[in-house]
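Participant: fold the stuff below for me.
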Amino acid sequence: MEIRSPETEEEFAAYYELRWRVLRKPWGQPSGSERDELDAAATHVAGYDEAKRLVCVGRLHAVETGVGQVRYMAVEESMRGRGLGQAVLDELERLAKRQGMTAIRLDARESAVGFYQRNGYATEGEGHTLFAVVHHSKMRKQFAVSNPEEGV
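Facilitator: Numbers count the residues shown, from 1 in each chain. Next up, the predicted model:
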């Protein structure tokens, strides 16, 4: 497994296609609905299997000083349960700390709340309902303040 940012036009096209196919298509949403105005300034992470196939994605963007938001986490359905989402989240958290963020917030789909809780995220209340059926919970994780001499 290789976790890194997509680099080429082709890699970004595959990245957005996976986001659409997993997070939007099942609810009849059109291609393009998986993108938003924050994509250009965001940090994108993609996971590639041993055959160099894209199998998971996630995005981090700043929402306020020191706080990032994780969005668009997606894993190929046939690849779930293999730690791929964990690998993407670990990388997004590492990058958030490197960017000086001290907290991450996110809106977790009901099916993912337990995953985020196991990773130290606390539920802060009800979130939005996407496409009138996909309920979300607002969640947040505060990072421990590290000693600058120890590095990030």
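
Participant: adjacent strands (with direction) for the helix or strand of the chain with the lowest mean pLDDT?
Facilitator: Least confident helix or strand, the chain: strand 122-130 with a mean of 88, by mean pLDDT, DSSP states H and E. Partners of strand 122-130 in the sheet, by DSSP bridges, are strand 134-142 (antiparallel).

Participant: need the contact partners of the partner strand.
Facilitator: By Cβ atoms under 8 Å, 6 or more residues apart in numbering, the residues outside strand 134-142 that reach it are 27, 93, 102-110, 113, 116-117, 119-130. Yep, even glycine has a C-beta here, placed from its N, CA and C like the rest.

Participant: and it, which residues are buried?
Facilitator: Within strand 134-142, the residues scored as buried using 16 or more other Cβ atoms under 10 Å are 135-141.

Participant: picking up where we left off before, of the contacts of strand 134-142, buried ones?
Facilitator: Among those, those classed as buried by 16+ other Cβ under 10 Å are 93, 102, 104-109, 113, 116, 121, 127.

Participant: inside helices: which ones of these?
Facilitator: Among those, the members falling in helices (DSSP state H) are 93, 113, 116.

Participant: want to try JSON lines for those residues, with pLDDT and distance to residue 58 as columns?
Facilitator: Formatted as JSON lines, these follow (pLDDT from 0 to 100; distance: Cβ to Cβ, whole Å):
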{"residue": "93", "pLDDT": "97", "distance to residue 58": "10"}
{"residue": "113", "pLDDT": "95", "distance to residue 58": "16"}
{"residue": "116", "pLDDT": "96", "distance to residue 58": "12"}
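
Participant: adding distance to residue 51, write those out as a markdown table.
Facilitator: Formatted as a markdown table, those follow (distance: Cβ to Cβ, whole Å):
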| residue | distance to residue 51 |
| --- | --- |
| 93 | 27 |
| 113 | 32 |
| 116 | 29 |
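
Participant: what is the mean pLDDT for stretch 133-140?
Facilitator: Mean pLDDT, computed over stretch 133-140, is 90.

Participant: centre of the chain to that stretch, how far?
Facilitator: 14 Å (Cα atoms, centre = their mean, to the nearest Å).

Participant: correct me if wrong: residue 60 contacts residue 97.
Facilitator: No: distance between residue 60 and residue 97: 10.7 Å, which falls outside the contact criterion (Cβ atoms under 8 Å).

Participant: which one of these two is surrounded by more residues?
Facilitator: Per other Cβ atoms under 10 Å, whichever of residue 60 and residue 97 has more neighbours is residue 60, with 23 against 16.
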